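[1] no FASTA, just this:
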């Protein structure tokens, strides 16, 4: 029964049991929501220190400060091209498939109150969250605000300061490296609760909305899942192939993490472990520390596909014909509103509200049409975002000549088991990650 100790199996069992409870006892499933939400909160508790320590020590250890800007520019260039392509894919598929055509829903029959909360948050997400909240009030508040962008900003400045502070910077960096090992040990402890979190989240989803929810508005759900799958297989698959590795081998390597994303509908729950796993696979820690957290705010392929596809679905369902200029306006606004969005459940719905508000003829209340199935699409958004950031990390590492290709081939090929793929003790968090991979640290 040693297989029961495998993280992948434990999370899979949790998801299956959650589905069973949600179907058989929906009322009980709904009451289990705190298990899923509690686990996500536990992970979010450690995200800020993980990002801060990894980036700050990574930059401090770089031989050239100029390489920080170089890595950042390459990462942003990649994010801009790929995420924009995802928006275009959603727009094209929405026009070709037209999942909302023929519904002929009267806009006056929609419940505008059902989405008012999301509309209010959408204003904050696009104006305050993106433009004003990047700079934290204090260095400490960056670690407590819950904003990945603020943590990134503070960590980069701290890393630059450490790198230019001489012997004092070296001593502080050594202390932060020790603290980093402790924090990743904390991550290992938190991740042991992943199967329970996946169980509670799935039981709540099925108990609350029911399997029958998937049948209503099934055309949109099916179109979104198929489009996302094709984007991952074709677009990301080609990118991976050009970068010299197999996408499918990477998915197998990250299977436990992917299951956790499915169970919690949150790619953010996967962030600490993704950083671990990428470092285990041969990506330099300095690149991982910059690309992964930044990607969680700026490289949201699944969210981008969802926003343009869902916007067109709502217009088609309401019988509203959008001109080419209006569709291009939706695309441009989506490019902005998706940046800085959190990788948590519901973030895509909030950014969709911001995107719809740019077209006067398209009522934001139309979001009520997809409110019931958004939770199910949230899982696909999170999966696509997660996979996209994993691919981006390897690609940018390769561009920077900061990728151990022999190690990558060995890990993805199964020659070196994930739990044995740890770097030397002086490499930091990867050591802890490897020792805890089979107990759950590798959860996405």
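    Done, it's in. These numbers come from a predicted model, not from an experiment.
[2] which parts of the stretch 301-444 of the chain are helices?
    Taking DSSP state H, counting those that start in this stretch as the criterion, the stretch 301-444 of the chain carries its helices at 301-317, 324-337, 347-356, 374-399, 405-412, 429-436.
[3] any chance of those helices in CSV, plus distance to residue 237 and mean pLDDT?
    Glycine gets a C-beta too; all of them are placed from N, C-alpha and C. CSV is the format used below for the helices of the stretch 301-444 of the chain (distance: least, Cβ to Cβ, whole Å; pLDDT from 0 to 100):
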stretch, distance to residue 237, mean pLDDT
helix 301-317, 13, 85
helix 324-337, 24, 77
helix 347-356, 23, 64
helix 374-399, 9, 88
helix 405-412, 14, 91
helix 429-436, 26, 37
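[4] out of the ones you listed, which is the most enclosed?
    helix 301-317 (a mean of 28; mean count of other Cβ atoms under 10 Å).
[5] before we move on, back to that, just send the helices of the stretch 301-444 of the chain back as CSV, with distance to residue 154 too.
    Listed next are the helices of the stretch 301-444 of the chain as CSV, based on distance: least, Cβ to Cβ, whole Å:
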stretch, distance to residue 154
helix 301-317, 25
helix 324-337, 23
helix 347-356, 22
helix 374-399, 21
helix 405-412, 31
helix 429-436, 19
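[6] wait, which of these is closest to residue 265?
    Among the helices of the stretch 301-444 of the chain, the nearest to residue 265 by Cβ to Cβ is helix 374-399 (4.5 Å).
[7] now the angle from that closest one to helix 301-317?
    Relative orientation of helix 374-399 versus helix 301-317 (axes from the mean of the first three to the mean of the last three Cα atoms, to 10 degrees): 140 degrees.
[8] also compute the angle for helix 374-399 relative to helix 405-412, please.
    150 degrees.
[9] one step back: and the helices of the stretch 301-444 of the chain: which comes nearest residue 185?
    helix 429-436 (5.5 Å).
[10] and the contacts of the helix or strand residue 220 falls within?
    Using DSSP states H and E, the element containing residue 220 is helix 218-230. Here helix 218-230 makes contact (Cβ atoms under 8 Å, 6 or more residues apart in numbering) with 89-90, 93-94, 97, 99-100, 214, 302, 305-306, 309-310, 313, 370, 373, 376-377, 380-381, 383-384.
[11] other SSEs contacting the helix or strand that that helix is followed by?
    The helix or strand immediately downstream of helix 218-230 is helix 237-243, counting by DSSP H and E. If you count contacts as 3 or more Cβ pairs under 8 Å, 6 or more residues apart in numbering; DSSP states H and E, helix 237-243 packs onto helix 247-253, helix 374-399.
[12] nearest residue to residue 295 in space, ignoring adjacent ones along the chain?
    Excluding the flanking residues, the one nearest residue 295 by Cβ to Cβ, 6 or more residues apart in numbering is residue 389, at 3.9 Å.
[13] that neighbour: what's it in contact with?
    So, once contact is read as Cβ under 8 Å, 6+ apart, residue 389 ends up touching 267, 274, 291, 292, 295, 296, 299.
[14] returning to what we had before: just put the helices and strands packed on helix 237-243 in TSV and tack on distance to residue 196.
    Converted to TSV, the helices and strands packed on helix 237-243 look like this (distance: least, Cβ to Cβ, whole Å):
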stretch	distance to residue 196
helix 247-253	24
helix 374-399	18
